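S.K.: Got a predicted structure here, sequence first:
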Amino acid sequence: QVQLVESGGGLVQAGGSLRLSCAASGSIFRINVMGWYRQAPGKQRELVASITSGGSTNYADSVKGRFTISRDNAKNTVYLQMNSLKPEDTTVYYCNAHTIWGTREYDYWGQGTQVTVSS
């Protein structure tokens, strides 16, 4: 099992910044990729950014140049620094840990944190 606890969401004006944090605990040695997803009402959950255990990153086109994902292995924490926020970034953000258990793979999710960007 892997537990994920998110923090850092809130209300910010357009052009502002927020930093999301996701602290992992439990069987963290099974995690090979961590990421942030978001889901607007009535839409599918979409990948925002991800980072592998080796530090390789991947971003959605809509956030490239504005968001940065990073990890602190000593704290078992992943961060999402969000700059130049836009109203369309408003939604719930979820932390994800993709794990490998032998031949099986499993995704764990945080509880979600609301990000609201006012115009």
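M.R.: Received it, and whenever you're ready, just let me know what you need.
S.K.: W109 reaches H98, doesn't it?
M.R.: No - using CB atoms under 8 Å, W109 is not in contact with H98, being 10.5 Å away. C-beta: built from backbone N, CA, C; applies to glycine.
S.K.: neighbour-wise, which of those two wins?
M.R.: H98 (17 against 14; other CB atoms under 10 Å).
S.K.: most centrally placed residue in this structure?
M.R.: Against the mean C-alpha coordinate of the chain, by CA atoms, centre = their mean, the closest residue is W36 at 2.1 Å.
S.K.: Who are the contact partners of that one?
M.R.: With contacts defined as CB atoms under 8 Å, 6 or more residues apart in numbering, W36 is in contact with 20, 22, 47-50, 69, 78, 80, 93-96.
S.K.: For it, give me phi and psi.
M.R.: phi -120, psi 130 (degrees, to the nearest 10).
S.K.: S17 now?
M.R.: phi -130, psi 150.
S.K.: for D89, same thing?
M.R.: The phi/psi pair for D89 (degrees, to the nearest 10) is phi -80, psi -10.
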